[in-house]
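Q: A structural model of the following input is requested.
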Amino acid sequence: MEVIDIKINRRKYDDCKHLSVLVDEEWGYIECTKCGKHLDPIKLLHKIAVKQNGLNFGITSLKETIKKLENRLRTKCQHCGKMTKINC
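A: Numbers count the residues shown, from 1 in each chain. Predicted structure coming up:
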């Protein structure tokens, strides 16, 4: 029997958020390692998927911001008319 231990480090809350769980793959059993509560695998999977989706959106947004900022570092040369980088 193989057991997977998943831990997510976060701030401590008064109420358990089940951020560290013990997974029994054979029986489909999930238990919070902090409070011992038995968790619904589907709800936990949904929670992880929502979090992952939010992280992916954040990464995409940051990449777009980087592109916009990189474009602001370029200007049109007065002499040749080509786009050139600005030396900061």
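Q: where's the spatially most central residue of the chain relative to I48, distance?
A: The residue lying closest to the centre of the chain (C-alpha atoms, centre = their mean) is L55, at 3.4 Å. Note on L55: its distance to I48, by C-beta to C-beta, to the nearest Å, is 11 Å. C-beta: built from backbone N, CA, C; applies to glycine.
Q: anything in contact with each of those two?
A: By C-beta atoms under 8 Å, 6 or more residues apart in numbering, L55 and I48 have no common neighbours.
Q: now for the least confident helix or strand in the chain by mean pLDDT, which elements pack on it?
A: Using mean pLDDT, DSSP states H and E, the weakest-scoring helix or strand in the chain turns out to be strand 3-7, at a mean of 72. The contact analysis (3 or more C-beta pairs under 8 Å, 6 or more residues apart in numbering; DSSP states H and E) places strand 3-7 against strand 20-24.
Q: Please compute how far the strand it packs on lies from its chain's middle.
A: 20 Å (C-alpha atoms, centre = their mean, to the nearest Å).
Q: Which elements pack onto it?
A: With contacts defined as 3+ C-beta pairs under 8 Å, 6+ apart, the packing partners of strand 20-24 are strand 3-7, strand 29-32.
Q: That one pairs with which strands, parallel or anti?
A: Note on strand 20-24: by DSSP bridges, its sheet partners are strand 3-7 (antiparallel), strand 29-32 (antiparallel).
Q: Phi first, then psi, for the residue nearest to K82 when sequence neighbours are not counted.
A: Spatially, and ignoring its direct neighbours in sequence, K82 is nearest to K76 (7.4 Å; C-beta to C-beta, 6 or more residues apart in numbering). Per-residue torsions, K76: phi -80, psi 130 (degrees, to the nearest 10).
Q: In contact with K76, which residues?
A: K76 sits next to 82-84 when contact means C-beta under 8 Å, 6+ apart.
Q: Next one: W27 relative to T84, how far apart?
A: In terms of C-beta to C-beta, W27 sits 64 Å off from T84.
Q: between the two, who's got more neighbours?
A: Neighbours were counted for W27 and for T84 using other C-beta atoms under 10 Å; T84 has more, 12 against 9.
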